[in-house]
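Trainee: Would you be able to build a 3D model of this:
(chains A and B)
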Amino acid sequence: MTQPTKTLLERRYSMLGLLLIAPTVLVFCAVIVYPLVSAVYLSLFKIFTPTLEGSWVGLDNYRTLLAKGEFWTSLRNNLIWTVGTLSLQILFGVGMALVLHQNIWFRSLARSLILFPYFISTVVAVLVWKWLFNDLYGILNHLMMSAGLIAWPIDYLGSMPNAMISVILVGAWKYFPFVVIAVLARLQTIPEQLYEAARIDGAGPIARFFDVTLPQLRDVLVVIIMLRAIWDFKEFDLIFLLTGGGPVTSTQTLPLLVYKEAFALNQMGMASAYAVIMMLIMLVFMIVYIRRTRQEGS
Amino acid sequence: MKNQSQFGQSISRRGALKGLAATTAMASLPTSVLAQDTTIRWWSPQGAPAQVDAYMAQIAAFEAANPGVKVVFETTSDEGYAPQLAAAFSSGEVPDIVTHLPSFAIQSYYANGLVEPFNDVIEAIGADDYYDGANDVFKAADGNYVGTGIGNSAANMLWLRTDLMEEAGIAEAPRTWDELRAACQAMQKNGIFGAPLPYGRNSMTTLIFVGVIHQAGGQVFDTDLNVALDNQATRDALEFYASMRELCPPGATNYSWGEAITAFVSGATATGIYTGRVLGNVNAQNPPIADSVTCVRYPTKSEDIPAWTFNDFPSVFIPKQSRNIETAKAFAASLFNPDGYIQQLHAAPGHVLPVLKSINENPQYQANEIIQKYPEEVELMSQAAAGGFNLGYESAAHPSNEKAGEVVGSGAIADMVQRVVLNGENVDQVIGETTKTIEDIMAG
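Mentor: From the prediction side, this is the model:
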């Protein structure tokens, strides 16, 4: 059976379609495919960063990194940081969104101000927090010493577990407004009748939250958790500027390890291998996210 | 039918678009191509406002003498220059001239073919005018000079408060670690800590602790550049450093250069460890203690061990990938013209010390208020820096260590300090693992 011949107009439409999609495909290849393939390719070489010259080592970089304690320590730190900061972001974010959903004074102003940490540059935020944490001049130590709570300043960023707790708290402060925005938007679309029905059934505020609000927020929370887990997992600047990964390697996450290999040790091949492993780990998050959004779509 | 543009009968839409495209293309051309101008980029981690003012004056003088040349100054940082330069070298978008980086960084770049030999610039400045041996640290294995010193620095001077010493009944500046510890203990009271030694995971901790190893009579590498950490001197150095922890502010676990100088200048610590920048900062930021400040070379484990001064030999060098090498060389030489050079040195008096004899003897240089107020301290720092060393050049018997920059960048020595002092890990095990890490770096 022969296929019907396309008319001239149909062929032109096909060509036009290809032409219109070509820029997107080109941009996609340039900014996604090329760096991805490059990273995998570089990870198979031993490369001196400043000259980008090197030699083929095959999978040696992967064998070396998997045998290194530093990789597993950094991965563990990465998971502690991600789970810790994400949990607090969700907790603070949902709580604040519930408050801002109420009829409170200066609600509009409060909704604007709450976004401040998210919009502020990370460098500026870190500088401010480093001053707050400062042992000699920081307001936190000053207030606590004035109140008689402590006799000596607390070392927030240079000892464990303080350093990890501080980094997690600053991360939660910086990124919880994202959760507020998303949850608040969803809260405003929950039908009021559901709450009325719950009240008629005798449900109090806590029961209404768990039986009405939370189920309604479930879908948006899943998306938020997936997105923020991916973003937090690859967080670099906030941790690097606050602690540099220290003390020792206690707050060193995988992105900091990639940076150290690439630019401090000038081992671009090894850094790429770490980056590829990171990508594989994040791929798990992405697959869950894609499956979730597909399910919602269907 | 031919479409006509609104501009007139004679211009078609296609013609107008062509004209617009041509104009856009012309506008996007670099101005240097149009005007035959040259722009050179200058990087330095020394970006204090007064220093930048001095650089601007030097730039203005060079631009006035060389019409068509524009110099753009860009700051980097002591902790950030290595990654920035690595990215610049790998992308080919390099600065044309880099100043104030430690000498060991350049040796590493030169060994990888990334730096232009500097012999002719040294000749243009006047090789005979340098202090004897001032350029030895910049000599590469092939006999070329990889750069030159733009100054000397004595980075681990022990700064003291004479008023607090007097209050504590301390008559003499400490000469040994035991005396230093006792002095710090006596002066640590009324909210003032004894010392601001760095325990952070950064280059300052590495560089200062290399000095402490030498002050214990040890060395990081032997004269064949084998790692030589696993000995009693390193253990003594770690023990001393750990014993000083209780005399430092709690946040010293995260201290780098900025925090260390601020702690002493603000009066929060009774002693300090830094270059001569302390003098300018104390006079500008805390004048009440300005008359009670002095410095000595950092104490050693015992009196029979000579003092060891860390001099990072702040440098000038030119990346080989620069597209304006000759202009950059001319500019590099101009940085040593007396008026501009003296203004640059005066921007941080005592911090960066002159490498040229004629400058040190120049009445204009000596006329500075700070240099006149602290003549003994400045002279002592000059002597100490002139006999100073760093990890890339640990002693006169050591060859240049091309991997020193990567050893510092790896943080292996700072990690060793943190593991022993902060985590209390087994010293033997930590020294063994640090040795292995550095050996791996040396093996490349």
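
Trainee: does the residue nearest to A:Asn134 when sequence neighbours are not counted sit in a helix, a strand or a coil?
Mentor: In space, and not counting its chain neighbours, A:Asn134 is closest to B:Gly251: 6.4 Å by CB to CB, 6 or more residues apart in numbering or on different chains. For every residue, glycine as well, the C-beta is placed using N, CA and C. Here B:Gly251 is helix, with the state taken from DSSP: H, G, I helix; E, B strand; the rest coil.

Trainee: Where does the prediction get shaky in chain B?
Mentor: B:1-36 (pLDDT under 70).

Trainee: how close does the residue of the stretch 51-200 of chain A found nearest chain B get to B:Glu259?
Mentor: As assessed by CB to the nearest CB, chain B sits closest to A:Gly158 within the stretch 51-200 of chain A, at 2.5 Å. From A:Gly158 across to B:Glu259, the span is 10 Å (CB to CB, to the nearest Å).

Trainee: tell me the contacts of the closest residue to chain A within the stretch 101-250 of chain B?
Mentor: Here the stretch 101-250 of chain B gets closest to chain A at one residue, B:Arg201, 3.3 Å apart by CB to the nearest CB. The contact partners of B:Arg201, by CB atoms under 8 Å, 6 or more residues apart in numbering or on different chains, come to A:243-248, B:411, B:414-415, B:418.

Trainee: ranges for the strands of the chain?
Mentor: All of this refers to chain A. Under the criterion DSSP state E, strands of chain A are mapped to A:45-48, A:53-56.

Trainee: I was after chain B.
Mentor: Here chain B has its strands, by DSSP E, at B:38-44, B:69-75, B:97-99, B:148-149, B:157-161, B:271-274, B:293-297, B:315-317.

Trainee: A:Leu265 is nearest to which of those?
Mentor: Closest to A:Leu265 of the strands of chain B, according to CB to CB: strand B:97-99, at 20.5 Å.

Trainee: Which neighbours in the sheet does that closest one have, and how are they oriented?
Mentor: Sheet pairing for strand B:97-99, assigned by DSSP bridges, gives strand B:38-44 (parallel), strand B:315-317 (antiparallel).

Trainee: Out of those, which is the most enclosed?
Mentor: Scoring the strands paired with strand B:97-99 by mean neighbour count under mean count of other CB atoms under 10 Å in any protein chain shown gives strand B:315-317 as the most buried, with a mean of 27.

Trainee: And the contacts of that one?
Mentor: Around strand B:315-317, the neighbours that count as contacts under CB under 8 Å, 6+ apart are B:97-103, B:105-106, B:109-110, B:115-116, B:118, B:121, B:138, B:146-150, B:332, B:335.

Trainee: what's the spacing between it and its chain's center?
Mentor: Distance, stretch centre to chain centre, for strand B:315-317: 11 Å (CA atoms, centre = their mean, to the nearest Å).

Trainee: And stretch B:392-410, by the same measure?
Mentor: 15 Å.

Trainee: Can I get it in PDB, CA atoms only?
Mentor: The C-alpha atoms that make up stretch B:392-410 are tabulated as PDB, following Å, rounded to 0.1, in the frame of the first residue of the first chain:
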ATOM      1  CA  GLY B 392      57.100  27.500  47.400                       C
ATOM      2  CA  TYR B 393      60.600  28.400  48.600                       C
ATOM      3  CA  GLU B 394      61.000  27.000  52.100                       C
ATOM      4  CA  SER B 395      64.700  27.900  52.500                       C
ATOM      5  CA  ALA B 396      67.600  29.000  50.500                       C
ATOM      6  CA  ALA B 397      68.500  25.300  50.100                       C
ATOM      7  CA  HIS B 398      65.100  24.400  48.700                       C
ATOM      8  CA  PRO B 399      64.300  24.400  44.900                       C
ATOM      9  CA  SER B 400      61.200  26.200  43.800                       C
ATOM     10  CA  ASN B 401      58.100  24.100  44.500                       C
ATOM     11  CA  GLU B 402      55.800  24.200  41.500                       C
ATOM     12  CA  LYS B 403      53.100  22.400  43.400                       C
ATOM     13  CA  ALA B 404      53.000  24.700  46.400                       C
ATOM     14  CA  GLY B 405      49.900  26.500  45.100                       C
ATOM     15  CA  GLU B 406      48.000  23.300  44.800                       C
ATOM     16  CA  VAL B 407      49.100  22.100  48.200                       C
ATOM     17  CA  VAL B 408      47.800  25.400  49.700                       C
ATOM     18  CA  GLY B 409      44.600  25.200  47.600                       C
ATOM     19  CA  SER B 410      43.900  21.600  48.700                       C
END
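
Trainee: Chain B contacts on the stretch 101-250 of chain A?
Mentor: Residues of the stretch 101-250 of chain A lying close to chain B by CB under 8 Å from any CB of the partner chain are A:133-137, A:152-159, A:243-249.

Trainee: Can I get the buried part of those residues as one PyMOL selection?
Mentor: Those of these that count as buried under 16 or more other CB atoms under 10 Å in any protein chain shown are selected in PyMOL with:
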select buried, chain A and resi 133+134+135+136+153+154+155+156+157+158+159+243+244+245+246+247+248+249
